[in-house]
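> after the sequence you'll find the predicted model.
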Protein chains: 2
Amino acid sequence: MTSGSAFAAAVTAPAQSSRLSVMNFLNEAANDYPKAISFASGRPAEAFFSIERWLEAIPLFQAHAAQSAGQSVLVAGRRIAQYGRTNGCVNELVAQQLRIDERIDCTADQVIITAGCQEALALIVPALCREPGDVMLARTPTYIGITGVADFAGIEIVPIEPRAGESWHRALHRTTQALRREGKTPRGFYLTPEFDNPTGTVLSEAERRSIIAGCVEHRIVVLEDNPYGMFRFEGEPTASMISLDSEGCVVYLATYSKSLCPALRVGAAVMPRRLFGSEGEARRLAGELSERKSFVTVNTSQVTQALVGGVLLAENGSLARLVDAPRKHYARNRDAMVGFLAHEFRDNSDVVTWNRPEGGFFLGVNLPFEFGQSEAVECARAYGVIVMPMTFFSLDGSRENEVRLAFSNLVPDEIESGVSRFARYVKGRLRSVS
Amino acid sequence: MTSGSAFAAAVTAPAQSSRLSVMNFLNEAANDYPKAISFASGRPAEAFFSIERWLEAIPLFQAHAAQSAGQSVLVAGRRIAQYGRTNGCVNELVAQQLRIDERIDCTADQVIITAGCQEALALIVPALCREPGDVMLARTPTYIGITGVADFAGIEIVPIEPRAGESWHRALHRTTQALRREGKTPRGFYLTPEFDNPTGTVLSEAERRSIIAGCVEHRIVVLEDNPYGMFRFEGEPTASMISLDSEGCVVYLATYSKSLCPALRVGAAVMPRRLFGSEGEARRLAGELSERKSFVTVNTSQVTQALVGGVLLAENGSLARLVDAPRKHYARNRDAMVGFLAHEFRDNSDVVTWNRPEGGFFLGVNLPFEFGQSEAVECARAYGVIVMPMTFFSLDGSRENEVRLAFSNLVPDEIESGVSRFARYVKGRLRSVS
């Protein structure tokens, strides 16, 4: 690479390794174009991190652990610094937080604490897809973290989306039948029903119920990822899929990367009590995840678990108060981005469109021309704005005319400049076409 | 399981799943037999953990990071709380510590910080063994963490040990040729040359050089695990394999679980500058590890990295001062264990023998009868002492007459009682045999 640029490398490599490079790119693009305004990465807003204060909550958890175990604070503190239980040491508090903040009826024994939600994906996908021909389902476009896990495990991900007028239940049936004819079996279905990354969209309760019905029928485990659920700006939340699931097919994935901060690397998988109606099946899957975890990270850092536990104790079990300010920040940013897009494209509203998500970190823009790897490089280099082609997240090469814009870790002034730069590129392209 | 015991489950399950359960067992055995004295787990001594003090070092690293980046401490602190570089943020300080404490000539760009050394194993084994027929080599018995990684990745581990009078170079040649005839190719060789877990033994410099020569010849990557190198009680340290490696075949694995504490989950892989003479090959392997890591833990917690970095700054780059007291503790415990064994078995020294390791956490005891799963359960239940059958760590079912005793996280009084209980069991068995 003559440019020595990780960004250029990511966007000019062939399809699969490009997919694999996107996550590294997200971490490193800012280094390559330090003056560019980046809409690339859905990082949480740094202004609301208060690590120093959160670290001060660790003694609260130590005292709590000491009391629970009938130990002195000294002994309990040392025990926290030791190797720990594979499934975690803050499971009670995490289950409580999910009950209060996400209205998920779960108990501590259903929770496996992971080194970020990504570790949960890395553990569960190969646990579900054990035989040749076992495949994962996902919507397209989808979160790059699931694609990377499957690629490295040598597991195919099959895109699924209902046709016009088709229910999810029917789409799952049709897709499963088609796969069976190829000797393939869908074992899991990854999705983010609330403020999807990359599209910002939400599945209705009816769609969620339809997915659950189809997945129970075909014995497909739903991986319900919910990093953005606490960042709803308006409107009513939809019930989580795990709370709509009576037979048991949903594994719920939680993270503290957005509600607290990513440096903790603390997430959780909430396992169903029964899997396809069977308590034994549910225990077997949970046991396999735990065993796999013991050979990947042994246990999640008990220092960062203690920090999460301490903050939850200090906040009476809920993160609602702490996420209030960042949620308002994200809402302002969404308003700013939608407003500046409307302003910049006021004469092009027939050909340039976007969605207005009710929460989360992302929205999608539709363009009247293809926007891929070379266009992203040109935007970054010549226009000083980094945007993500939606094809980066696509499983089937579709969405060639879309880009993902993240509005989370910026201030409105930056959003104004970035949208203006992006609009200058787009309007130049529109002129050269016409 | 009527007993509801993880320990009983681990030791009564069939061979492979027993292997997979040992690490969970190590975390959970203490719960099953709370009154038993445990020689099972090589946990570091908790009395030397000072998490509270180490947490106070985090601001040192924040100030250091701010100065390095030309940022305010506030901005640098928030940046640490954010997603970070996949390969880590304390690489300079870790490389410096390895140069000072382990005399390893390495630089920051060779270092990949991992969520404990176990994550490094989970990343590197599937990166090395990509084709059907690719296998790993390991000594037998070996550390259970490498066995678990290989089992879950579906990769065979082949035991290797020189025959009487045979060099390692020759043994590697013989084993490689034999594997080739079965269509198999050895890609990696895992070992702990300094105070091996489970045997406590050390490879001489001549043996290390012979292994390197054989591995370079057959393009086998050595995974040199060194968790115990800083805990040498007497005698001269042997040069690390990575420092004896001129062509480039050694990946060195470091951890802060023993020198600081396990709850940090901070380890590191030091990649060779050249792999089998090629800088490109070395870059390719390092790049693949980094990419895999981005889909497992994204990056290692920057909170715990900052703690390690802060402690290293406070200690002028070396952990020698901090490990002095625990090293003396482990030495006293080794002396106690060897002394009590000699006392208890003074009339059986012809049939019950053990080694006297010059460092580390473990020693092995040879018995004149087989000691396996049911014997371990009987010892724990009826005699109140937990010991590990060496077969748990064996790749080929050998070592039926040995047990591993860990002496790290106990005090001499407990070692005296535990050895006495174990001796009561062994002497009972000797009487019933004769």
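That came in fine, so what should we check first?
> contact residues of the stretch 51-200 of chain A facing chain B?
For the stretch 51-200 of chain A, the contact set with chain B under CB under 8 Å from any CB of the partner chain comprises A:51-52, A:55, A:58-59, A:77-86, A:115-116, A:118-119, A:121-122, A:126, A:145, A:148-149, A:151-152. For the C-beta atoms, the positions are set from N, CA and C on the backbone; glycine is no exception.
> repeat that for 7 Å
A:51, A:55, A:58, A:77-78, A:80-86, A:115-116, A:118-119, A:122, A:145, A:148-149, A:152 (CB under 7 Å from any CB of the partner chain).
> same check on the stretch 301-434 of chain A?
Contacts of the stretch 301-434 of chain A with chain B, taken as CB under 7 Å from any CB, map to A:301-304.
> quick check, residue A:61 in contact with residue A:311.
No. Shown here, residue A:61 and residue A:311 do not form a contact pair, counting by CB atoms under 7 Å, at 8.6 Å.
> about what we covered before: reformat the residues of the stretch 301-434 of chain A next to chain B as CSV; add pLDDT and neighbour count.
CSV is the format used below for those (pLDDT from 0 to 100; neighbours: other CB atoms under 10 Å in any protein chain shown):
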residue, pLDDT, neighbour count
A:301, 98, 28
A:302, 98, 29
A:303, 98, 24
A:304, 98, 30
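> and the residues you listed as CSV, adding secondary structure?
What follows is those, written out as CSV (DSSP: H, G, I helix; E, B strand; the rest coil):
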residue, secondary structure
A:301, coil
A:302, helix
A:303, helix
A:304, helix
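> from those, pick the one nearest residue A:429.
Closest approach between those and residue A:429, by CB to CB: residue A:304, at 45.3 Å.
> list the contacts for the nearest residue to the closest one once chain neighbours are set aside?
Nearest residue to residue A:304 in three dimensions, chain neighbours excluded: residue A:264, at 4.4 Å (CB to CB, 6 or more residues apart in numbering or on different chains). By CB atoms under 7 Å, 6 or more residues apart in numbering or on different chains, the residues touching residue A:264 are A:256, A:304, A:307-308, B:301, B:303.
> and if you look at residue A:308?
A:90, A:256, A:260, A:264, A:266.
> in helices, which of the residues you listed fall?
Among those, DSSP state H puts none in helices.
> now the residue nearest in space to the middle of chain A. Its backbone dihedrals?
What sits nearest the mean C-alpha location of chain A, by CA atoms, centre = their mean, is residue A:227, with 5.2 Å. Phi and psi for residue A:227, reported as degrees, to the nearest 10, are phi -70, psi -20.
> check contacts around it.
Residue A:227 is in contact with A:117, A:255, A:257-258, counting by CB under 7 Å, 6+ apart.
> what do you get for residue A:424?
residue A:383.
> state the distance from it to residue A:373.
Distance of residue A:424 to residue A:373, computed by CB to CB, to the nearest Å: 20 Å.
> count the residues that sit near residue A:355.
Neighbourhood size, residue A:355 [other CB atoms under 10 Å in any protein chain shown]: 14.
> what's the pLDDT at the closest residue to it other than its chain neighbours?
Leaving aside its chain neighbours, residue A:355 sits nearest to residue A:363 (5.4 Å; criterion: CB to CB, 6+ apart). Looking at residue A:363, its pLDDT stands at 97.
> got it, and residue A:35?
pLDDT, residue A:35: 88.
> ok, residue A:373 next?
pLDDT at residue A:373 comes out at 84.
> so how far is residue B:159 from it?
47 Å.
> and what of residue A:37?
Note on residue A:37: its distance to residue B:159, by CB to CB, is 57 Å.
> the two - which one has more neighbours?
The residue with more neighbours, out of residue A:37 and residue B:159, is residue A:37; 23 against 15, by other CB under 10 Å.
> surely the more buried one touches residue A:418?
Yes. Using CB under 7 Å, residue A:37 makes contact with residue A:418 at a distance of 3.7 Å.
> anything in contact with each of these two?
residue A:385.
> hang on, the earlier thing: now the contacts of residue A:227: which count as buried?
Buried subset of the contacts of residue A:227 (neighbour count, 16 or more other CB atoms under 10 Å in any protein chain shown): A:117, A:255, A:257-258.
> from what I see, residue A:207 and residue A:169 are in contact.
No. Residue A:207 is beyond contact range of residue A:169, at 9.7 Å (criterion: CB under 7 Å).
> among those two, which residue is more densely surrounded?
residue A:169 (20 against 17).
> the more buried one: what secondary structure?
The assignment at residue A:169 comes out as helix when based on three-state DSSP.
> was I right about it contacting residue A:212?
No. Between residue A:169 and residue A:212 there is no contact under CB under 7 Å: 8.8 Å.
> picking up where we left off before, name the nearest of the contacts of residue A:227 relative to residue B:326.
For the contacts of residue A:227, the residue nearest residue B:326 by CB to CB is residue A:257; the value is 33.8 Å.
> distance of the nearest residue to that closest one once chain neighbours are set aside from residue A:129?
If the residues on either side of it in the chain are set aside, residue A:257 comes closest to residue A:116, at 6.3 Å by CB to CB, 6+ apart. Per CB to CB, residue A:116 is found 21 Å from residue A:129.
> which of these two has more neighbours?
It is residue A:116, of residue A:116 and residue A:129, that has more neighbours when counted by other CB under 10 Å, with 28 against 22.
> okay if I get the contacts of residue A:264 as CSV plus distance to residue B:235?
Putting the contacts of residue A:264 into CSV (distance: CB to CB, whole Å) gives the following:
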residue, distance to residue B:235
A:256, 46
A:304, 38
A:307, 41
A:308, 44
B:301, 36
B:303, 38
